[in-house]
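Participant: A predicted structure for the sequence below; I have some questions about it.
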Amino acid sequence: MIILIALPVVFIRGQSSPIKIGVKAGMHVTNLDEGRYSDYDYFYPGAGIYAGITVDKSLSQKWDLNVEVLVVRRIAKEKYKDESGPILDYELSDHRIKSTSIMLPISMNYAIDRLNIQAGLFTEYYALRSTSGQAYHAEVATLSMDKDINAGVIIGGHYDFYNLEVGMRKLIGMINQEEFMINQDGIDEKISLYSTDDLQFYVKYLF
């Protein structure tokens, strides 16, 4: 599912204000068990800005709508390498294995004391490619160090749709007609839906 960090605007101090903003930093780890990139684990260290608005609040519970803008470093680590080498090696050039990404998560958060359940959507944009995903995740631990600082762990996953990536590659001319013909199976696979397992660690500070 893809990781991690946080967004919108004004901040008004005081317990009565429903609006909060802050900064967030952490690490997002994605494990892809199927598809053409299943030989790789993905790590997303990054940071960003966070904003939330309280939709409903009482002494014991609240709903928050959260928006984030994250800048992360996308790093792929090969799980193993057999005699034939990595799958579709030309696909796994440096810009693919290490690239800067911008993630735009939007989520709804339900909190009871220190327990948070969160679900949402995200879109990711990264070097020379674009892919959209639908994220699902559960925030299973939140530690409030004081009223403005907390840390947490999120577990979950996401789906990746790679048809947009194919369109981007056609547009920028990274692969020619011969490569399309030779690697037709790989291109077809790219249009399919991949699911992943995700783990996120973060620290958040609210202004």
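Facilitator: Structure's in. What do you need?

Participant: And H28, how far from V71?
Facilitator: H28 sits 12 Å away from V71, going by CB to CB, to the nearest Å. (C-beta placed from N, C-alpha, C; glycine too.)

Participant: Lowest mean pLDDT among the helices and strands of the chain, which one is it?
Facilitator: Least confident helix or strand of the chain, by mean pLDDT, DSSP states H and E, is helix 177-182 with a mean of 44.

Participant: what is the rounded mean pLDDT of stretch 52-70?
Facilitator: What stretch 52-70 shows for mean pLDDT is 74.

Participant: Figure out the length between the terminal residues of it.
Facilitator: 14 Å (CA to CA, to the nearest Å).

Participant: Do me a favour and get the end-to-end distance for stretch 56-67?
Facilitator: 16 Å.

Participant: let me fix that: stretch 109-116
Facilitator: 7 Å.

Participant: still on that earlier bit, ok, H28 and V71, which is more surrounded?
Facilitator: H28 (25 against 13; other CB atoms under 10 Å).

Participant: Give me the buried positions along the helix or strand that one falls within.
Facilitator: Using DSSP states H and E, H28 sits within strand 19-32. For strand 19-32, a neighbour-count test (16 or more other CB atoms under 10 Å) marks K20, I21, G22, K24, A25, G26, H28, V29, T30, L32 as buried.

Participant: quick one: strands adjacent to whichever helix or strand comes after it?
Facilitator: Moving toward the C-terminus from strand 19-32, the next helix or strand (DSSP H and E) is strand 40-57. Here strand 40-57 is paired, per DSSP bridges, with strand 19-32 (antiparallel), strand 61-78 (antiparallel).

Participant: give me the low-pLDDT residue ranges for this structure?
Facilitator: 1-16, 32-42, 57-61, 74, 76-101, 113-115, 122-147, 158-195 (pLDDT under 70).

Participant: circling back: I'd like the buried residues of strand 19-32 as TSV, with distance to L121 appended.
Facilitator: Shown next, in TSV, are the buried residues of strand 19-32 (distance: CB to CB, whole Å):
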residue	distance to L121
K20	21
I21	20
G22	21
K24	18
A25	22
G26	19
H28	16
V29	20
T30	16
L32	19
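
Participant: Could I get the strands paired with strand 40-57 in TSV, plus columns for distance to L104?
Facilitator: Output for the strands paired with strand 40-57, formatted as TSV (distance: least, CB to CB, whole Å):
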stretch	distance to L104
strand 19-32	14
strand 61-78	6
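
Participant: Of all those, which one is nearest Y205?
Facilitator: strand 19-32 (5.2 Å; CB to CB).

Participant: Output the closest one as PDB, restricted to C-alpha atoms.
Facilitator: This file holds the C-alpha atoms of strand 19-32, laid out as PDB (Å, rounded to 0.1, in the frame of the first residue of the first chain):
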ATOM      1  CA  ILE A  19      -7.700  22.300  11.800                       C
ATOM      2  CA  LYS A  20      -4.200  21.000  12.400                       C
ATOM      3  CA  ILE A  21      -1.100  20.900  10.400                       C
ATOM      4  CA  GLY A  22       2.400  19.500  10.900                       C
ATOM      5  CA  VAL A  23       5.300  17.600   9.600                       C
ATOM      6  CA  LYS A  24       5.800  13.900   9.300                       C
ATOM      7  CA  ALA A  25       8.800  11.700   8.500                       C
ATOM      8  CA  GLY A  26       9.300   8.000   8.300                       C
ATOM      9  CA  MET A  27      10.000   4.800   6.300                       C
ATOM     10  CA  HIS A  28       7.600   2.900   4.100                       C
ATOM     11  CA  VAL A  29       8.500  -0.700   3.100                       C
ATOM     12  CA  THR A  30       6.600  -2.400   0.300                       C
ATOM     13  CA  ASN A  31       6.800  -6.200  -0.500                       C
ATOM     14  CA  LEU A  32       5.600  -7.200  -4.000                       C
END
